[in-house]
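In: Any chance you could fold what I've pasted below:
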Amino acid sequence: MELSALKIESDDNGVLMSWHADNRALRLKFSGDSAIKLPAAADAAFTSCLMPAMLLDETLSVDSTFTLSRDLIKNLTKFQQIFSGWFDDLQSVNLDITEQSLHDSLFKPDGNAVFYSGGVDASYSFFELQDDIDYLIFCLGLDIQLHEKERSDKALESARKFAEHYGKRLIVMETNFREAFPELSAKRCQIVLLIGYSLALGLRCLFVPASHDVLELEPFITHPMTDPLLTNGVTEVVHHGMVSRVKKTIAIARSEQALAFLRVCNASDQFNCGKCEKCLRTMATLAAIGGSSPALPALTDFKQLREAKIWTPGKYHMWHDIYLCAKQNNAQRLAEAVNKLCRRYEWKQLLKLLKVQSLKLLNDMIQR
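Out: Next comes the predicted model:
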């Protein structure tokens, strides 16, 4: 995969980065702040194409329009070693970069930013870091697709109101990644893409809201071991907020603004569908602490939780935390409903273990 024809164009609507990945035309637009500059555009374009190259098992190279940070190439090599070891569908690929394409980054970084989607993780990180944050970064084209006009307009307006309320500047990124790589999962690449895109801004520090707490850590697309490696040596990338989702929800429930603009759903074209596992998990947490959000339906019928599916240890840990929280707050009926959900997962795991051990025992007997 050769990256070529990197170009930056500015107008009254923002700054547009464009480049090619072989015959795929990629575009990334930045808007929302009149002072946007992209001193590390090449680093951003290159980093954002790393996951596609790893998924497609293609060497990554650049033409003469790209000048890359020497530190970035070193860090991405380490990043690949970890990710390809964690995930079978990712291959560690050759970064075919000549010495002429490398440089030591000399620009002075400016400003601190945190990703903001309206979700629990992002809202928690913002409130924890509020005094140190200059920018909120909001992205369209990944979890919210560009053609989802109503949903994107509502989410963007919510982000603008939130940023304005707290006196922060909002930077909006729009990417055509899903159009350029229709065969790849945007969710699979999302965090790496977001971090990579944000490198273009030349920030001092970029905070990445954590998805899991320290007890839930497992190989995942965002992780305290790997997020900090997605750096060009100028922008520090910090994996932030490794506390339980219940604790995060309790913290953000103190803010009417956070609850009003809460957006957790990626399962449908609605702002929040109120039916997917993530919506139900958030609704159950709010019910456990006696809270509510105008952006989500209240969980009044606990039979709804039967539709939730737990498929990873991390998700199980989150639901078990909700069970403990409901029990502590004397929400007995909710605790019972969540406990049934957790028990279903525990039984499935036990049956899987028994199956594996039985097959192993049978194989040993045959070998004798």
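In: Tell me where the model's unsure across the stretch 201-350 of the chain.
Out: With pLDDT under 70 as the threshold, the stretch 201-350 of the chain has no low-confidence stretch at all.
In: Can you list the buried residues in stretch 63-70?
Out: When neighbours are counted by 16 or more other CB atoms under 10 Å, the buried residues of stretch 63-70 are found to be 65-70. Heads up, the C-betas are built off the backbone N, CA and C, glycines and all.
In: Now do the helices in the stretch 201-350 of the chain.
Out: 245-252, 256-260, 277-288, 313-328, 332-367 (DSSP state H, counting those that start in this stretch).
In: Next, the buried residues of the last one.
Out: With burial defined by 16+ other CB under 10 Å, the residues of helix 332-367 counted as buried are 334-335, 337-339, 341-342, 345.
In: and of the helices of the stretch 201-350 of the chain, who's closest to Ser92?
Out: For the helices of the stretch 201-350 of the chain, distance to Ser92 was read as CB to CB. The smallest value, 24.7 Å, belongs to helix 313-328.
In: between the closest one and helix 332-367, how many degrees?
Out: Using axes from the mean of the first three to the mean of the last three CA atoms, to 10 degrees, one finds that helix 313-328 and helix 332-367 are set 140 degrees apart in direction.
In: Let me know the angle separating helix 313-328 from helix 277-288.
Out: Going by the same axes, to 10 degrees, helix 313-328 makes 20 degrees with helix 277-288.
In: Quick one: distance of helix 313-328 to the chain centre.
Out: 22 Å (CA atoms, centre = their mean, to the nearest Å).
In: I'd like to know which elements the helix or strand harbouring Leu55 is packed against.
Out: Counting by DSSP states H and E, the element that carries Leu55 is helix 50-56. Packing contacts for helix 50-56, counted by 3 or more CB pairs under 8 Å, 6 or more residues apart in numbering; DSSP states H and E, involve helix 70-86, helix 186-199.
In: How about it, which residues are buried there?
Out: Taking 16+ other CB under 10 Å as the criterion, helix 50-56 shows 50-55 as buried.
In: pLDDT and distance to Gly233 for those residues - can I get that in JSON lines?
Out: Listed next are those as JSON lines, based on pLDDT from 0 to 100; distance: CB to CB, whole Å:
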{"residue": "Leu50", "pLDDT": "97", "distance to Gly233": "16"}
{"residue": "Met51", "pLDDT": "96", "distance to Gly233": "20"}
{"residue": "Pro52", "pLDDT": "96", "distance to Gly233": "23"}
{"residue": "Ala53", "pLDDT": "97", "distance to Gly233": "21"}
{"residue": "Met54", "pLDDT": "96", "distance to Gly233": "21"}
{"residue": "Leu55", "pLDDT": "96", "distance to Gly233": "26"}
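In: Need those residues in a markdown table (columns: distance to Ser101).
Out: Output for those, formatted as a markdown table (distance: CB to CB, whole Å):
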| residue | distance to Ser101 |
| --- | --- |
| Leu50 | 15 |
| Met51 | 20 |
| Pro52 | 19 |
| Ala53 | 16 |
| Met54 | 20 |
| Leu55 | 23 |
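In: Nearest to Pro39 among these?
Out: If you rank the buried residues of helix 50-56 by distance to Pro39 using CB to CB, Leu50 comes first, at 19.9 Å.
In: nearest residue to that closest one other than its sequence neighbours?
Out: In space, not counting the residues next to it along the chain, Leu50 is nearest to Leu76; the distance is 6.0 Å by CB to CB, 6 or more residues apart in numbering.
In: contacting residues for the one you found?
Out: Residues in contact with Leu76 (CB atoms under 8 Å, 6 or more residues apart in numbering) are 47, 50, 95, 229-230.
In: again, 7 Å this time
Out: Taking CB atoms under 7 Å, 6 or more residues apart in numbering as the definition of contact, the neighbours of Leu76 are 47, 50, 95.
In: Confirm that Leu16 sits in a strand.
Out: Yes - remark: Leu16 belongs to a strand, assigned using DSSP: H, G, I helix; E, B strand; the rest coil.
In: what about it, distance to Ala295?
Out: Separation of Leu16 from Ala295 (CB to CB, to the nearest Å) stands at 32 Å.
In: Pick out whichever of those two has more residues nearby.
Out: Neighbours around Leu16 and Ala295, counted as other CB atoms under 10 Å, are more numerous at Ala295. The numbers are 20 against 17.
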